[in-house]
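Chemist: Fold the following for me, if possible:
(chains A and B)
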Amino acid sequence: MSEVTVLARETTPLRSLHPKVRSVWRFGSFVSGLVAAAALAGLFALFAKLADASVPLVATTGFVTGFLLFGVVGILLVDKQFEQWRYQLREFDVLIKKGLFWQSERYIARDRVQHIDINAGPMDRRFGLVQVVIYAAGITGSVGLIPGLTPEDANWLKDQLLSTRAEDA
Amino acid sequence: MRRLDPKSVLVLTIEWLRKAIYPIIFAVFANSGAFRAGDKVERSMFLVALGIPVGLGALAILGAIVSHLVTRFGIVNGSLIVVKKGLWRMERTIPLERIQNVQVTQSLLERILKIATLKVETASGSGVEASLKSLSVADAEHIKQELLRTNVSSATAAPSTPPTIYKAEFKDIALAGALQNRALIVMAAILGVLGQGMDIPKVVFNALERSGIASAAERHPAMMGFVMFVGTLLFIVFGWLLSIGYAVFIYYGFKVVRTERGIQVSYGLVNTVQTVIPIKRVQSIQTRATWLFKLFGYCQLYAQSIAGHTAGQGQQVATGQTLIAPICRPHVLRTLIRLINPTLDVDKVVFLASDRYMLTRSLVRLCVSFGLLSIGVLGLSMRLPISMFLGSFGILVAGLFAFGIVGSILSYRRQGYAQTNDAFMVCSGTLGQNVTMIPIGNVQSVSLESSWFQRRRNLVDLHVMTPVSAAVVPCIPVETATRIKDSLMEQSCGQNRRGL
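Modeler: As a prediction, this is how the structure comes out:
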């Protein structure tokens, strides 16, 4: 088995995500807007048929409403959401701060990290970004997700978080 | 980094076919008649019905080939790394000392192909964290030994405490059964099921008619009231007797013993259960008292843990919630809690209350939900007479609303939190009371969450997560929450760390 590398425990100031993540989120909101619009158009069309109203008109209204509510609003809120997203590697824990209306600060003990995933979807890869998923012991699966990181930052973060257990070992 | 064996493609494909065989059989049988009848439209429907599973099968084979091509695994720098470089890329890093369990399994097909599947689990709750299919049996065993090499734990020292710590007497178990009174719920469920097939009031009325009680009651209304009173009393007594019997059946011989491996709990009249909880794996302890338990000064004790190893000789190892005492008095409780957390003195703990905004918030939520409910019901029943709303419906809503207000006030008064040198405690409840004690070294993560209204008042909800539970302290000042969080995080690292 290979030797375990022990790294010095480093900390960071409060960092924001990579600005390109806004494009990934905008695309995500656009797709969810389209899906919601299609679903709402179908539902409206069904009601129109039952009520003997004009199906194309009502369905179009449903489509536009769905897209406005779930797509456009999401796209408009991306910048505000980006401003709220912060993460910080501290001496004893990782802080993940997010939320627009309901804000949350999650602190995950560095010694408690069980394993780490580095994921990248097609849009993440298009912009050269990855997501870091942090798992601690427990019944709830992952406890922290940091999107919009460059692969170098993600690998550094992974090494830092896992080096803590290397110190224990 | 290595690839999986090419046989994994065959294993994955056959696994899919096994799952899809029922839809295919259903599609063939459901449409074969139409196919023989020769209707052109129905024939094409049959081909479509058959084509869908076949098409999905082809996709599954393609998926299995792609999965084989993109998956790599290896042990690098003290961690097991699994990489998938497909459309969605994933790199999973599992530190070897965090691996809780490694399993080598072989299905019949795998035995024929002389391969095995290696499953790796950590304590995080999303099931198997890495599943490596189609390894040769020797390879699987070799990797398993490699993974477990860093994870060998030494046995704990022999206990100095007496072996039997708690033994529930027969009268204790009977009392626990009487205070829980679960049988009433069982009887209500049985009556509910029977009610689906027969008209129970009619059956009861006929029985009363036949026995002559009904005619006697008609002549003497006071007697009818007496019969109903006695009937209800008998129903409750019967429920209590059933509940006591049930408790004796389940918890007979309840005993807690300190062994080398931890706490051993054993009980059962017919089906005996024996559970071992390694003390270091206990993540939090909880006392629960329903209103009846509270009234008589009793409570129940539970330990929440995560399994670390499989014990031999038919012993189960506890995962999740384990009952340590079905019924106990405070002095027994103190002994049991000290066994798990020797320095915790429950008597000296002073609980602090949440901010009054907690009560305001629950009352506002109650008013909004009842307001919406009333508007909805009124809107749906416009044609019904108004007297109905002022009568029975109004009384029902007002009663539920009053119950909600009393419940909110009681919940607020029962809510509290406390921090000692080595434990964080939260108490909650409405009619009864639950107290959760989390040894500080077990905290996994802490969240401070706040709505817009809470931020205006400088308040947050504090969520403290252990591997098996989450304790929530609603509406406390930001400064207090931050101080608790800092202290929990600091003490959760280093020497205070327990268990995982």
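
Chemist: Give me the most central residue, chain A.
Modeler: Nearest residue to the geometric centre of chain A (CA atoms, centre = their mean): residue A:147, 5.0 Å.

Chemist: quick one: it and residue A:127 touch, right?
Modeler: No: between residue A:147 and residue A:127 there is no contact under CB atoms under 8 Å: 11.1 Å. For the C-beta atoms, the positions are set from N, CA and C on the backbone; glycine is no exception.

Chemist: At which residues are the strands of chain A located?
Modeler: In chain A, the segments counted as strands under DSSP state E are A:15-16, A:86-89, A:93-98, A:103-109, A:113-120, A:130-136, A:142-149.

Chemist: Looking at the ones you listed, which is nearest to residue B:349?
Modeler: Between residue B:349 and these, the shortest separation by CB to CB is 23.6 Å, and it involves strand A:103-109.

Chemist: Check the burial of the nearest residue to the residue nearest to the centre of chain A once chain neighbours are set aside by counting its neighbours.
Modeler: Excluding the flanking residues, the one nearest residue A:147 by CB to CB, 6 or more residues apart in numbering or on different chains is residue A:131, at 4.6 Å. Using other CB atoms under 10 Å in any protein chain shown, residue A:131 is surrounded by 19 other residues.

Chemist: Provide the partner residues of residue A:131 in its beta bridges.
Modeler: Judged by DSSP bridges, the bridge partners of residue A:131 are residue A:119.

Chemist: so what's it up against?
Modeler: A:118, A:119, A:120, A:124, A:145, A:146, A:147, A:148, A:149, A:154 (CB atoms under 8 Å, 6 or more residues apart in numbering or on different chains).

Chemist: Could I have the buried ones of these as ChimeraX selection syntax?
Modeler: If you want just the buried ones from the contacts of residue A:131 in ChimeraX, going by 16 or more other CB atoms under 10 Å in any protein chain shown, the selection is:
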select /A:118,119,120,124,146,147,148,149,154
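
Chemist: Now distance to residue B:492 and pLDDT too, for the contacts of residue A:131, in JSON lines please.
Modeler: Shown next, in JSON lines, are the contacts of residue A:131 (distance: CB to CB, whole Å; pLDDT from 0 to 100):
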{"residue": "A:118", "distance to residue B:492": "25", "pLDDT": "90"}
{"residue": "A:119", "distance to residue B:492": "27", "pLDDT": "90"}
{"residue": "A:120", "distance to residue B:492": "31", "pLDDT": "90"}
{"residue": "A:124", "distance to residue B:492": "32", "pLDDT": "91"}
{"residue": "A:145", "distance to residue B:492": "21", "pLDDT": "91"}
{"residue": "A:146", "distance to residue B:492": "20", "pLDDT": "94"}
{"residue": "A:147", "distance to residue B:492": "26", "pLDDT": "93"}
{"residue": "A:148", "distance to residue B:492": "28", "pLDDT": "91"}
{"residue": "A:149", "distance to residue B:492": "25", "pLDDT": "93"}
{"residue": "A:154", "distance to residue B:492": "24", "pLDDT": "92"}
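
Chemist: Nearest to residue B:454, out of the contacts of residue A:131: which one, please.
Modeler: When those are compared for distance to residue B:454 (CB to CB), residue A:145 wins out at 23.6 Å.

Chemist: any idea how far the closest one lies from residue B:426?
Modeler: 26 Å (CB to CB, to the nearest Å).

Chemist: One more: residue B:483?
Modeler: Taken as CB to CB, the span from residue B:483 to residue B:426 is 16 Å.

Chemist: So the two - more neighbours on which side?
Modeler: residue B:426 (23 against 12).

Chemist: Please report how far the more buried one lies from chain A.
Modeler: In this view, residue B:426 and chain A are 17 Å apart by CB to the nearest CB, to the nearest Å.

Chemist: and that residue, what does it touch?
Modeler: Counting by CB under 8 Å, 6+ apart, residue B:426 has contacts B:416, B:417, B:435, B:436, B:438, B:464, B:471, B:472, B:473.

Chemist: Of these, just say which sits nearest to chain A.
Modeler: The closest of those to chain A turns out to be residue B:464 (CB to the nearest CB; 10.2 Å).

Chemist: Using the three-state scheme, assign that closest one.
Modeler: Following DSSP: H, G, I helix; E, B strand; the rest coil, the label given to residue B:464 is strand.

Chemist: Phi, psi for residue A:90 please.
Modeler: phi -110, psi -180 (degrees, to the nearest 10).

Chemist: Please report how far it lies from chain B.
Modeler: 8 Å.

Chemist: ok, that residue touching residue A:13?
Modeler: No: with contacts counted by CB under 8 Å, residue A:90 stays clear of residue A:13, the gap being 10.0 Å.

Chemist: the more surrounded of those two?
Modeler: Legend: neighbour count by other CB under 10 Å for residue A:90 and residue A:13, higher for residue A:90 (15 against 7).

Chemist: elements contacting the host helix or strand of residue B:266?
Modeler: Residue B:266 belongs to strand B:262-267 when assigned by DSSP states H and E. Strand B:262-267 sits against strand B:255-259, strand B:273-277, strand B:320-328, with contacts defined as 3 or more CB pairs under 8 Å, 6 or more residues apart in numbering or on different chains; DSSP states H and E.

Chemist: Next, see if the second one gets close to chain A.
Modeler: No: when contact is scored as CB under 8 Å from any CB of the partner chain, no part of strand B:273-277 falls within range of chain A; the minimum is 15.9 Å.

Chemist: Distance of the closest residue to residue A:17 other than its chain neighbours relative to residue A:102?
Modeler: Among residues not flanking residue A:17 along the chain, residue A:148 sits closest, at 3.5 Å (CB to CB, 6+ apart). In this view, residue A:148 and residue A:102 are 20 Å apart by CB to CB.

Chemist: max-length helix in chain A?
Modeler: helix A:21-50 (DSSP state H).

Chemist: So, low pLDDT: which residues of chain A?
Modeler: Counting by pLDDT under 70, chain A shows low-confidence ranges at A:1-7, A:137-141, A:164-169.

Chemist: What score does residue B:475 have for pLDDT?
Modeler: Per-residue pLDDT puts residue B:475 at 92.

Chemist: That one and residue B:361 touch, don't they?
Modeler: Yes: with contact defined as CB under 8 Å, residue B:475 reaches residue B:361; the gap is 7.1 Å.

Chemist: higher neighbour count, those two?
Modeler: With neighbours defined as other CB under 10 Å, residue B:475 and residue B:361 compare such that residue B:475 has more, 24 against 19.
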